[in-house]
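Trainee: Provided below are the primary sequence and the corresponding predicted coordinates.
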Amino acid sequence: MKEIVVVGAGLSGLVASINLARRGFAVKVLEREARVGGSPLYHPSGQGTFLKMKEMSKYIGVDLSEVLEPIRVMVEMPGRFKCEIDTSIGPPWFFERGPRSTSVDNYLYGIARDEGVEFEFGRPVYSQAELAALPPNTIVATGLHFEGFDLMGQPYLTSHHFTYKGTCDPDLNYVHLFHDRYTTDYGYTSCFRGIRYVHLFNRYRPISLEAREAFARRVREEDGFEVPEWNSFTFPVPAASFNTPRLLVGDKILAGTLAGAMDNVAFFGLHGALVSGRIAALAVEDKYAAWQEFRRCTLPYRPGLAAARLMALQPSWLTRLGFLAAFSDYRRKKFTQRALIAGMPGYLNTVRGCTAA
Ligand SMILES: Cc1cc2nc3c(=O)[nH]c(=O)nc-3n(C[C@H](O)[C@H](O)[C@H](O)COP(=O)(O)OP(=O)(O)OC[C@H]3O[C@@H](n4cnc5c(N)ncnc54)[C@H](O)[C@@H]3O)c2cc1C
């Protein structure tokens, strides 16, 4: 039986492992943490993405309807505006991440175990020597961690984060998204299965304490919740460049965010991790077919990147004005909602039929 090593027991690593085990490979996963569920710094948490359940489940060969739940309430708040997204369009899904038995990570882990995948926990791969010792076709799927990006020579930006993780009423199910001067990215709050998450981040520079306090005030107004304390950390996000996303580095295969599968015009975060796990598995057997599939799925990326670069040239007040204009007729026009959702992470790809192959 041919042996394959996968580094990282996150979403993309687990999807790749399951697919390879089913194809008759002996799969061994090396994971740096002592158990499945990623870094305790930011998990457990409720994360969200738009995806088409049936198509995605078929694409990755795993029935996700068992473990994902629809996001019931999703509110966009550019400045003082407040716009409820019609969640019947899409719809957006909640992923519980982390080590709890109800998480997506644990669900995929259980399937992988049933398929005969072996796991070595507490087994990080950090150095070039360790990497070189791994066999060709090893899949590296280490997610949003500096070591993996450095090891594989992938370009990244250092993103800056303030978060709070706590508890909430288990019946609450919502995501609030805040866009304002405190960050050029966004802040959000969510409650899901009793987990409350408050998160403010910026991909380009550290967030000032004043900006954090302004965000905390908005959270108090909208969620009725006083953030008692903040964690702060940094992690890498793939840098948008014309050389990313990337599937192959030397004789190794990249998957998940390390492959650059994290962009709102390619495939973002969760959505991208699932899709690219399946493509990485394909690459073990047929590099050319995998490369074609990878290109097909990332087709909107380069024109999207060019458009984003052009957008960046205009003054920020103009962008802001455009955003507000789009939202001002929001309640009246279903079209505006559909257009906004089409621009959201992952959705472009599902409507292009990437996951329907
Ligand atoms: C706080 C937070 C909120 C987010 N919210 C959203 C969201 O709402 N929507 C969305 O689409 N995306 C979101 N994301 C992004 C999303 O979580 C990632 O894009 C996705 O998990 C990537 O999957 P992956 O398989 O690449 O990595 P992961 O699922 O992160 O898995 C990587 C695994 O590799 C292990 N590992 C790391 N380094 C090593 C090493 N050197 N050796 C061995 N093992 C290693 C890790 O412990 C982990 O288990 C969020 C990310 C964070 C951190």
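Mentor: Here it is on my side, so go on.
Trainee: What residues does residue 73 make contact with?
Mentor: By C-beta atoms under 8 Å, 6 or more residues apart in numbering, residue 73 lies in contact with 84, 87, 173, 174, 175. Where you see a C-beta, it was placed from the backbone N, CA and C, and this is true even at glycine.
Trainee: what's the answer for residue 163, then?
Mentor: For residue 163, the contact set (C-beta under 8 Å, 6+ apart) comprises 42, 197, 198, 199, 200, 230, 231, 232, 233.
Trainee: how about a cut-off of 10 Å?
Mentor: The neighbourhood of residue 163, defined by C-beta atoms under 10 Å, 6 or more residues apart in numbering, consists of 41-42, 45, 187, 197-201, 227, 230-233.
Trainee: If any of those residues are buried, put those into a PyMOL selection.
Mentor: Remark: buried members of these, expressed as a PyMOL selection using 16 or more other C-beta atoms under 10 Å:
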select buried, resi 42+45+187+197+198+199+200+201+227
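Trainee: What is the neighbour count of the residue in the stretch 1-150 of the chain positioned nearest to the ligand?
Mentor: The minimum distance from the stretch 1-150 of the chain to the ligand, using C-beta to the nearest ligand atom, falls at residue 10 (1.6 Å). Per other C-beta atoms under 10 Å, the neighbour tally for residue 10 reads 30.
Trainee: For it, which residues are in contact?
Mentor: Counting by C-beta under 10 Å, 6+ apart, residue 10 makes contact with 29, 31, 33, 36-39, 97, 104-105, 108, 141-145, 255-258, 273, 277.
Trainee: Check residue 166 too.
Mentor: Applying C-beta under 10 Å, 6+ apart, we find residue 166 in contact with 191, 194, 195, 196, 197, 198, 225, 227, 228, 229.
Trainee: repeat that for 6 Å
Mentor: Residues near residue 166 by C-beta atoms under 6 Å, 6 or more residues apart in numbering: residue 196.
Trainee: got a pLDDT number for it?
Mentor: For residue 166, the model assigns a pLDDT of 95.
Trainee: element containing it, please.
Mentor: Using DSSP states H and E, residue 166 sits in strand 156-167.
Trainee: Please state the offset of that strand from the chain centre?
Mentor: Distance of strand 156-167 from its chain centroid, counting by C-alpha atoms, centre = their mean, to the nearest Å, is 13 Å.
Trainee: likewise stretch 35-55?
Mentor: The answer for stretch 35-55 is 8 Å, by C-alpha atoms, centre = their mean.
Trainee: if we can go back for a sec, out of the contacts of residue 10, which sit inside strands?
Mentor: Mapping the contacts of residue 10 onto strands (DSSP state E) picks out 29, 31, 97.
Trainee: Just give me the neighbour total for the last one.
Mentor: Using other C-beta under 10 Å, the number of residues around residue 97 comes to 23.
Trainee: Over to the second one?
Mentor: With neighbours defined by other C-beta under 10 Å, the count for residue 31 comes to 25.
Trainee: Which residue is the nearest non-sequential neighbour of it?
Mentor: Closest residue to residue 31 apart from its sequence neighbours, by C-beta to C-beta, 6 or more residues apart in numbering: residue 9 at 3.9 Å.
Trainee: picking that back up, of the ones in strands among the contacts of residue 10, list those near the ligand.
Mentor: Checking the ones in strands among the contacts of residue 10 against the ligand by C-beta under 6 Å from any ligand atom, the ones in range are residue 31.
Trainee: interface residues of the stretch 1-150 of the chain facing the ligand?
Mentor: Residues of the stretch 1-150 of the chain found near the ligand (C-beta under 6 Å from any ligand atom) are 7-13, 30-33, 38-39, 42, 45, 47-49, 124-126, 141-145, 147-148.
Trainee: Quick one, which of the residues you listed are buried?
Mentor: The neighbour count (16+ other C-beta under 10 Å) marks 7-13, 30-33, 38-39, 42, 45, 47-49, 124-125, 141-145, 148 as buried among these.
Trainee: Helices - which of these land there?
Mentor: 11, 12, 13, 148 (DSSP state H).
Trainee: ok so, going back, just give me the closest of the ones in strands among the contacts of residue 10 to residue 322.
Mentor: Ranked by distance to residue 322 (C-beta to C-beta), the ones in strands among the contacts of residue 10 are led by residue 97 at 33.2 Å.
Trainee: My guess is that closest one contacts residue 47. True?
Mentor: Yes - Residue 97 lies in contact with residue 47 (C-beta atoms under 6 Å); the separation is 5.4 Å.
Trainee: Tell me the helices and strands packed up against the helix or strand where residue 253 lies.
Mentor: According to DSSP H and E, residue 253 maps onto strand 252-254. Contacts defined by 3 or more C-beta pairs under 6 Å, 6 or more residues apart in numbering; DSSP states H and E place strand 252-254 against strand 139-140.
Trainee: one more time with 8 Å
Mentor: Packed against strand 252-254 by the contact rule (3 or more C-beta pairs under 8 Å, 6 or more residues apart in numbering; DSSP states H and E) you find strand 139-140, helix 269-285.
Trainee: List the contacts of it.
Mentor: Contacts to strand 252-254, defined as C-beta under 8 Å, 6+ apart, come from residues 131, 134, 136-141, 152, 154, 246-248, 260, 276, 280, 283-284, 290.
Trainee: Go again with 6 Å.
Mentor: The contact list for strand 252-254 (C-beta under 6 Å, 6+ apart) reads 138, 139, 140, 280, 283.
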